[in-house]
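In: All I have is the shape, not the residue letters:
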Ligand code: SF4
């Protein structure tokens, strides 16, 4: 057994405490410029000093402007250094947009404000400090789909009975995952559910004697039944948590819930974080769930400097745990909370705002306006000679409605309106189908950024069929799909004859095809058909062989490459049709993620899991096209949040569709535990749908056209107009066809809008964020960057990647132990190597075992060496950075930051076998990666690191250099070159040596020499 040794180097638990650069004195001019153009209330919000603040920011009131200028103002007025500000939001996209806008406002090199999503921040906290509550340092995060797979696999281990019907044991898997997610969002653990069940049972037994016999029996039976249900759910919840822990996994709920537990249980961590983040800004605060609010409160404290920005009328995420009433409760949580209500609307014309207000008042009294006694009436800033239009149309069927909308859009475009200024909003993705078809018939450019299901695309279904055939050749439908798919392209008379033969003989297609190839006389086929069949069978047979030895992603990749399938997708992408390549690449990610989750990632074991996910309704979203400013947008209302358009059509305004008749959740948390009405309470749901419609209405700048159809496209029952129409229009709505267009409040405006304005209104931010790998790939060949980072074409498995990744993880574990001073256990380091090891990409079993042994030996030397450096202190491990370098933001992680006899040194670990000191120094000197790290450190801390180094683990050799001014200048130029090329979408291939030799795409790239 390896002894646990105590290292001599110690470090603070919170990472490096590096003094910031000396800042220039406060610039009055700079502050004046920051506040210019803001209205009075916006200024109040931006220049709020210390203490909690709630900025109630209705639609179009400049919310993002206020947030970003507040961050810039805190920095410019010297209230906080950039690194002392934490901004939290909900989506990566919003975080990136905010970062880009802060970058524009804050001087170069000072924008290292932490802008994160809640989940990313929780993840960071757990990776940095999770060890303090016994959590693994590098847990793997799983999404809902993976959680379902896990639960399905372990369904008999969870103590379930009523929620595991033997006829369909996994029927409740999805509902259970959702229930556990809700519980985590509420801060409820298995013990809370169990305690509730016990209370229910005790209550049932207590009421029984006080009631007459008949009634008592019924009441007691009902309560006991409910108690038993809850006890079963609590038990399953506990089991689920154990499974996650055993596999070193966390789900999205844990990322925040465990971060909250960390801050509750470890006051020293809480204190350190409060000292570090002196100001917190929470964007879209109305969408926060209870645990996210608890996290903020723990970080900020009751009197803390936290700014919440949000609007209760735009709370539309109850389905993912947002409490909706989050803003109303802030006054209790922060007694000194100050309000600023932004009331000037810079987006919409007056009639649109009036319709929106008339509508939303129907949610009273459950609104902040009533609860906090504030006035939220929005005043339209934009004036026009001609009044704006809010219209309502009725149509006989949904297809007529779609056609009418398309015709009106065509009419607008003919008059010179820019397509990007028009949007059609729908309640669900399915509602978009008729209007998409009508726009296509008229050849109107459109973009549907609605999440079309990945599995609905032909090329994706073909690849899924390929996976199923490799797992089971007898699956005739799947073989048929593969034979007719792109690389083999069989069809016509020949294939019909083969299918007919299989059918007459009652045999599988596979057995007939293979027999045909062995006995050519069985059926007359053209030489071309026969050649295609032979190629398909040969390649499938090669895949069958590999399927039992190699991982599913490796087998799939090999087949796609060898068959020419991947090359033809790349060629299509090059000619402008990049959708199929994107989607197959996305499918590949799904396959990879699922096989990572399985203990054994071989294809025959993966296929049932993948099928189970599809059967359970999992269908990953995939954008149909890239954002195009020159196309009409068709969006769900949820996706339209944050956008604005000159003309907005909201279609499908019928009862049952908008508001949507929501399905009841199969399992819900008891209201007694959450303290609120159940999320599927009809009144709660209608209020949420009303807020959603409010969001739809307020996307319109000039013109709002509402419509509904009396019947669906296929006829069916008559539909009543949505009750929201009357609420918004302020009068009853006549649903008869005779009143078509009767509801016009004013004539349609005809207006040309400058394309640049429209493009800007549609643009959610122009920030470009790059990693070192992206920069390096672009510089080595722009086409490689395009394939890898834009198209996300999978990279084939390679042993060097497996080895490098496993070594990297093991070294990180060792360094983290050294940093914490908790003792360096070599066995734990070796176990990490093993747990991150995979057999993929090795040439043979001998090759793999030799490599593994080499890794073990290198790690032993590494641990040994760690004790030979008594003066060294590790300041940070895997520390992320995100800095502005030129026109781009560059993100990355320092493997380790060390203090060596007072000098700050950034180390990057390489698994390579360099043993010559001169060669190691040369490699370090030429490493763009190290130069970027030096630039990033300087941008963050105001001074350069004393040295940067490459540590070659196998060779146990370190090459250390201090980058010169000239080297860093050249590195900056390289970053600028990559940034400019990527911004200009210049992805021309630059084939050559050695780039193509090392390129993972050389076998599918048409430009490869
Ligand atoms: S094979 Fe050569 S030309 Fe093609 S992407 Fe790779 S590096 Fe570029």
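Out: Everything's here; your move. This structure is a prediction, so every number in the text was calculated from the model and none was measured.
In: which stretches of the stretch 801-950 of the chain form strands?
Out: 824-825, 872-885, 888-900, 903-910, 947-952 (DSSP state E, counting those that start in this stretch).
In: Report the distance from the third one to the chain centre.
Out: With CA atoms, centre = their mean, to the nearest Å as the basis, strand 888-900 stands 24 Å off its chain's centre.
In: Can you tell me the strand partners of that strand and which way each runs?
Out: strand 769-771 (parallel), strand 872-885 (antiparallel), strand 903-910 (antiparallel) (DSSP bridges).
In: coming back round to it: most tightly packed of the strands of the stretch 801-950 of the chain?
Out: strand 947-952 (a mean of 23; mean count of other CB atoms under 10 Å). From N, CA and C alone the C-beta is placed, and that goes for glycine too.
In: any idea how far residue 923 is from residue 913?
Out: 12 Å (CB to CB, to the nearest Å).
In: Name the residues contacting each of these two.
Out: Here residue 913 and residue 923 share the contacting residues residue 952, scored by CB atoms under 8 Å, 6 or more residues apart in numbering.
In: re earlier: so which of the strands of the stretch 801-950 of the chain gets nearest residue 300?
Out: strand 872-885 (22.0 Å; CB to CB).
In: And what about residue 55, helix, strand or coil?
Out: Following DSSP: H, G, I helix; E, B strand; the rest coil, residue 55 is assigned to strand.
In: Please disregard the earlier target; I meant residue 711.
Out: strand.
In: In this structure it contacts residue 397, no?
Out: Yes. Assessed by CB atoms under 8 Å, residue 711 is found in contact with residue 397 at 5.1 Å.
In: measure stretch 96-113 end to end?
Out: One end of stretch 96-113 to the other measures 12 Å (CA to CA, to the nearest Å).
In: Which helix or which strand is home to whichever residue of the stretch 351-500 of the chain sits closest to the ligand?
Out: The nearest approach of the stretch 351-500 of the chain to the ligand comes at residue 487, 20.2 Å away (CB to the nearest ligand atom). Residue 487 belongs to no helix or strand when assigned by DSSP states H and E.
In: For the stretch 301-450 of the chain, just list every one of the helices.
Out: 330-333, 350-360, 368-371, 398-414, 433-441 (DSSP state H, counting those that start in this stretch).
In: Make TSV out of these and add mean pLDDT, distance to residue 563 and mean neighbour count.
Out: Shown next, in TSV, are the helices of the stretch 301-450 of the chain (pLDDT from 0 to 100; distance: least, CB to CB, whole Å; neighbours: other CB atoms under 10 Å):
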stretch	mean pLDDT	distance to residue 563	mean neighbour count
helix 330-333	88	58	16
helix 350-360	95	54	22
helix 368-371	90	59	18
helix 398-414	93	40	20
helix 433-441	88	31	19
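In: would JSON lines of those helices with distance to the ligand be doable?
Out: Output for those, formatted as JSON lines (distance: least, CB to the nearest ligand atom, whole Å):
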{"stretch": "helix 330-333", "distance to the ligand": "52"}
{"stretch": "helix 350-360", "distance to the ligand": "49"}
{"stretch": "helix 368-371", "distance to the ligand": "54"}
{"stretch": "helix 398-414", "distance to the ligand": "38"}
{"stretch": "helix 433-441", "distance to the ligand": "34"}
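In: Ok, which of the ones you listed comes nearest residue 896?
Out: Here helix 330-333 is closest among the helices of the stretch 301-450 of the chain (CB to CB), at 39.2 Å.
In: Report the distance from the closest one to the chain centre.
Out: Worked out by CA atoms, centre = their mean, helix 330-333 lies 30 Å from the chain centre.
In: Okay, and residue 514 sits in which element?
Out: Judged by DSSP H and E, residue 514 forms part of helix 509-518.
In: Isn't residue 117 up against residue 91?
Out: Yes. Judged on CB under 8 Å, residue 117 makes contact with residue 91 at a distance of 6.4 Å.
In: quick one, which of those two is more surrounded?
Out: Comparing residue 117 with residue 91 by other CB atoms under 10 Å, the one with more neighbours is residue 117, at 18 against 15.
In: quick one, phi/psi of that one?
Out: phi -80, psi 160 (degrees, to the nearest 10).
In: And for residue 256?
Out: Torsion angles, degrees, to the nearest 10, at residue 256: phi -90, psi -40.
In: distance of it from the ligand?
Out: Taking CB to the nearest ligand atom, to the nearest Å as the measure, residue 256 falls 40 Å from the ligand.
In: what about that residue, how many neighbours?
Out: 27.
In: which residue packs closest to residue 437, ignoring adjacent ones?
Out: residue 402 (6.9 Å; CB to CB, 6 or more residues apart in numbering).
In: residue contacts, the residue nearest to residue 263 when sequence neighbours are not counted?
Out: Distance criterion CB to CB, 6+ apart; nearest residue to residue 263, sequence neighbours excluded, is residue 298 at 4.1 Å. Residue 298 makes contacts with 260, 263, 264, 270, as judged by CB under 8 Å, 6+ apart.
In: looking at this, the third one is in a strand?
Out: So the one you mean is residue 264. No. Counting by three-state DSSP, residue 264 is located in no strand; its state is helix.
In: neighbours of it, just the number please.
Out: Neighbour number of residue 264 under other CB under 10 Å is 14.
In: Give the closest residue to it in space, chain neighbours not counted.
Out: Residue 264 sits nearest to residue 298 (CB to CB, 6+ apart), 6.6 Å away.
In: That neighbour in helix, strand or coil?
Out: Residue 298 - assigned by three-state DSSP - is helix.
In: neighbour count winner among residue 913 and residue 923?
Out: residue 923 (19 against 13).
In: Quick check, pLDDT for the more buried one.
Out: We have a pLDDT of 94 for residue 923.
In: Checking the closest residue in space to residue 456 that isn't next to it in sequence next. Helix, strand or coil?
Out: Among residues not flanking residue 456 along the chain, residue 619 sits closest, at 7.1 Å (CB to CB, 6+ apart). Under three-state DSSP, residue 619 falls in the coil class.
In: thinking residue 619 is in contact with residue 457, fair?
Out: No. Applying CB under 8 Å, one finds residue 619 not in contact with residue 457, separated by 10.4 Å.
In: Tell me which of these two has more neighbours.
Out: residue 457 (20 against 16).
In: Could I get the phi/psi values of the more buried one?
Out: The phi/psi pair for residue 457 (degrees, to the nearest 10) is phi -90, psi 140.
In: which is the next helix or strand following whichever strand or helix holds residue 30?
Out: In this structure, residue 30 is located in helix 28-35 according to DSSP H and E. Toward the C-terminus, helix 28-35 is succeeded by helix 40-46 as the next helix or strand (DSSP H and E).
In: and residue 60, how far is that from residue 700?
Out: Taken as CB to CB, the span from residue 60 to residue 700 is 10 Å.
In: Of these two, give the one with the bigger neighbour count.
Out: residue 700 (30 against 24).
In: and residue 138, how many residues sit next to it?
Out: Count around residue 138 with other CB under 10 Å applied: 16.
In: In a strand, it, correct?
Out: No. Per three-state DSSP, residue 138 lies outside any strand segment and is coil.
In: And it, what's its pLDDT?
Out: 73.
In: Same question for residue 892.
Out: 92.
In: go on, residue 747?
Out: Residue 747 is given a pLDDT of 32.
In: buried ones in the helix or strand encompassing residue 979?
Out: Element membership for residue 979 (DSSP H and E) is helix 965-983. For helix 965-983, burial by neighbour count (16 or more other CB atoms under 10 Å) applies to 967, 968, 971, 974, 975, 978, 979, 981, 982.
In: starting at the chain centroid, how far to the helix with the most length in the chain?
Out: The residue-count maximum for a helix in the chain (DSSP state H) belongs to helix 213-246. Averaging C-alpha positions (CA atoms, centre = their mean) puts helix 213-246 34 Å from its chain's average.
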